[in-house]
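> Whatever this is, show me its structure:
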Amino acid sequence: MHIPDGYLGPQTYAVIDVAILPVWAAAASRVRRTLKSRQVPLMALGAAFSFVLMMFNVPVFGGTTAHAVGAVLIAVLLGPWAACLSVSTAIVIQALAFGDGGITAIGANCLNMAVVMPFVGFAIYRLVSGPAPSLRRKIAASGLGAYLGLVAASISAGIEFGLQPLLAHDAAGHALYAPYSLAVAVPSMAVTHLVVGLLEAAVTMGVVAALARSDPALVAMRPASRPLTWLWAGLGALILLTPVGLLASGSAWGEWAPAAVKGMVGYMPAGLQRMSGAWTAAMPDYAPAFIKDPVVGYVAAALTGAALIAAIVWLVGIALSRRDDASPVPTDDEEPS
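Numbering: from 1, shown residues only. Okay, here's the model as predicted:
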């Protein structure tokens, strides 16, 4: 779901890049009002978890792959505004350091995965769980929210892809950027993520269930009652397992190399060709040049990215969080005390 450079024209990416700025400002303002200092480690952990989770590529069908995001899980634990900041940080680092997602498309990728997904998923979670949910209902609601949140994000990305042939094409009618129409892009993205959404739901429900049994305060959007050491250890174990993501062959829908696009549609979109090399990341494709073994390199990239993202979000969280006191942490539907 990471849109690369060249797939969106300036009519799209420039507008979204500007539009995402007030969303980030609103997220920072809201987090400043609701986040307790003892919740900062969980926010940092959630951002790192989202980054690592996105490295697990899953084969879908037709030679394509997709991945889970974890945005709704963070929203369930900390609210959708905190999820917005956490996942946005992961997406920015993915683009800058690893070339996963385009520099010009940072706004669009954040809109899809850090805004649409957590807010849609959290709204469904709150609607289904109700005002006084049982643990079983809360777990089921989190899974449904995660599933539909991911699908909503994929539809948003499909719309962005599908608008490109309408907005920019040459005299021969050839698209300058993403070549597939809305009639192709939207269902392709949606159907792909209807499948991988099952993984998203399973991960979300599994983590919520584990947290509910080990520290119920977390799934009540309150600060942890015990250290998060075991969760950091779990993240470390997940990092060691990231090479599993290398087993999936093929590219995600809409993330093909320019040469592959030419082979599929019979021409090279001029804008895509011009913009596809807009940025050279330090570790493109999560493969550090100084590490020859791809498995070791993938783990090193996961560790580096997770540590960097966790550190950034931790610092942001410290700057925004409120001092701990005896009053309850307000939810996203409540005013702070």
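
> C-alpha from now on. contacts and neighbour counts both.
Fine.

> Tell me where the stretch 1-150 of the chain has strands.
Using DSSP state E, counting those that start in this stretch, the strands found in the stretch 1-150 of the chain span residues 58-59, 65-66.

> for those, which one ends up most surrounded?
Ranked by mean neighbour count, the strands of the stretch 1-150 of the chain are led by strand 65-66 with a mean of 24 (mean count of other CA atoms under 10 Å).

> how about the CA coordinates for stretch 167-176, as CSV?
C-alpha atoms of stretch 167-176 as CSV (Å, rounded to 0.1, in the frame of the first residue of the first chain):
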residue,chain,number,x,y,z
LEU,A,167,-6.0,14.0,-14.3
ALA,A,168,-2.9,13.7,-16.5
HIS,A,169,-2.5,12.0,-19.9
ASP,A,170,-0.8,12.8,-23.2
ALA,A,171,-2.3,13.5,-26.6
ALA,A,172,-2.5,9.8,-27.3
GLY,A,173,-4.5,9.2,-24.1
HIS,A,174,-1.7,7.5,-22.3
ALA,A,175,-1.6,8.2,-18.6
LEU,A,176,1.4,10.1,-17.3
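
> For residue 7, give me its contacts.
Going by CA atoms under 8 Å, 6 or more residues apart in numbering, residue 7 touches 161, 164, 177-178, 254, 271-272.

> gap between the residue nearest to residue 90 when sequence neighbours are not counted and residue 199?
In space, and not counting its chain neighbours, residue 90 is closest to residue 51: 5.5 Å by CA to CA, 6 or more residues apart in numbering. Distance of residue 51 to residue 199, computed by CA to CA, to the nearest Å: 16 Å.

> Identify the farthest-apart pair in the contacts of residue 7.
Taking CA to CA as the measure, those span a maximum distance of 14.8 Å, between 254 and 271.

> And the helices in the stretch 1-150 of the chain, which stretches?
10-34, 40-53, 71-78, 80-98, 106-110, 117-129, 135-167 (DSSP state H, counting those that start in this stretch).

> Comparing those, which stretch has the densest surroundings?
Most buried among those, given mean count of other CA under 10 Å as the contact rule, is helix 71-78, at a mean of 29.

> Tabulate the strands of the stretch 1-150 of the chain (a markdown table), appending distance to residue 93.
Shown next, in a markdown table, are the strands of the stretch 1-150 of the chain (distance: least, CA to CA, whole Å):
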| stretch | distance to residue 93 |
| --- | --- |
| strand 58-59 | 21 |
| strand 65-66 | 19 |
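
> Go through these and name the closest to residue 9.
Closest among these, using CA to CA: strand 65-66, at 23.3 Å.

> Give me the distance from that closest one to the chain's centre.
Its chain's C-alpha centre and that of strand 65-66 lie 13 Å apart, by CA atoms, centre = their mean, to the nearest Å.

> Which strands or helices does it pack on?
Secondary-structure packing of strand 65-66 (3 or more CA pairs under 8 Å, 6 or more residues apart in numbering; DSSP states H and E): strand 58-59, helix 182-214.

> tell me the mean pLDDT for it?
Mean per-residue pLDDT for strand 65-66: 93.

> Right, I'll call it a day here.
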